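K.L.:
Dropping the sequence and predicted coords here.
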Amino acid sequence: MDERLKLYEEKMQKSLRNLEEEYASIRAGRANPHVLDRIRVDYYGTPTALNQVANVSVPEPRMIQIQPWEASLVKEIEKAILVSDLGLNPTNDGKVVRLVFPELTEERRKDLAKDIKKKGEDAKVAIRNIRRDAKDSFKKLSKEGDISEDEIKDLEDSAQKLTDEFIKKIDKAVEVKAKEIMTV
């Protein structure tokens, strides 16, 4: 692959990874510890990832158990979960914080499926913007006279193929996540 295309492929890869990370944080009625990935806990004045201050486990299909390494963190963990956009109410017994995932209603599943499709569309727009940036940079090379028109055409064709490939990957990710959400 041409070095000039490498940069744009990496950017497209990042957009896809970002979408997958967003999807991992969407809860589907089953306990998935990844929904906690974005939660930060105040650990001695420093916002710290939850999984760096506690053990996170899934003892039952619809429950996450968080066992902090220091008992003093139980309240901080509860507070961080409450202010997050998870929409879950944590319970604790003084040592362990538990999150119970309620069954999703049909309406909530449909809303989540719409949200998943919207995030997928946003990712496609990001991919297309990267393609546009690539084409603009190739045209700039053409104006500078460093490259022939045939080479420009080849680069643009390669950028289009790359775009098509990543759009297909995004469509697949949307389909998989939407199916997971709609499965009761």
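P.N.:
Here it is on my side, so go on.
K.L.:
Tell me how many other residues surround residue 17.
P.N.:
Residue 17: 10 surrounding residues under other Cβ atoms under 10 Å. Bear in mind the C-beta positions are built from the backbone N, C-alpha and C, glycine included.
K.L.:
Let me know the helix or strand that it is in.
P.N.:
With secondary structure defined by DSSP states H and E, residue 17 is part of helix 3-24.
K.L.:
average model confidence for that helix?
P.N.:
Averaging pLDDT along helix 3-24 yields 89.
K.L.:
Check which residues of it are buried.
P.N.:
4, 5, 8, 9, 11, 12, 15, 16, 19, 22, 23 (16 or more other Cβ atoms under 10 Å).
K.L.:
Pick the one among those closest to residue 139.
P.N.:
The shortest approach to residue 139 among the buried residues of helix 3-24 belongs to residue 4, at 12.2 Å (Cβ to Cβ).
K.L.:
show me what contacts the residue lying closest to residue 38 once chain neighbours are set aside?
P.N.:
Spatial nearest neighbour of residue 38, excluding adjacent residues (Cβ to Cβ, 6 or more residues apart in numbering): residue 25 at 5.9 Å. Counting by Cβ atoms under 8 Å, 6 or more residues apart in numbering, residue 25 touches 34, 35, 37, 38.
K.L.:
where's the second one relative to residue 137, distance?
P.N.:
What it means is residue 35. For residue 35, the distance to residue 137 (Cβ to Cβ, to the nearest Å) stands at 38 Å.
K.L.:
Look at these two and report which has more neighbours.
P.N.:
Neighbours per residue (other Cβ under 10 Å) separate residue 35 from residue 137, with residue 35 holding more: 20 against 15.
K.L.:
pretty sure that one is touching residue 86, no?
P.N.:
Yes: Residue 35 is within contact range of residue 86, at 6.2 Å (criterion: Cβ atoms under 8 Å).
K.L.:
Could you name the helices and strands sitting against the longest helix along the chain?
P.N.:
If you go by DSSP state H, the chain has its longest helix at helix 106-144. Counting contacts by 3 or more Cβ pairs under 8 Å, 6 or more residues apart in numbering; DSSP states H and E, helix 106-144 packs against helix 3-24, helix 149-182.
K.L.:
Which of these sits closest to residue 108?
P.N.:
Nearest of the helices and strands packed on helix 106-144 to residue 108, taken as Cβ to Cβ: helix 149-182 at 9.1 Å.
K.L.:
what helices or strands is the closest one leaning on?
P.N.:
Here helix 149-182 touches helix 3-24, helix 106-144, going by 3+ Cβ pairs under 8 Å, 6+ apart.
K.L.:
would you list the ones you listed in a markdown table and tack on distance to residue 156?
P.N.:
Shown next, in a markdown table, are the helices and strands packed on helix 149-182 (distance: least, Cβ to Cβ, whole Å):
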| stretch | distance to residue 156 |
| --- | --- |
| helix 3-24 | 10 |
| helix 106-144 | 6 |
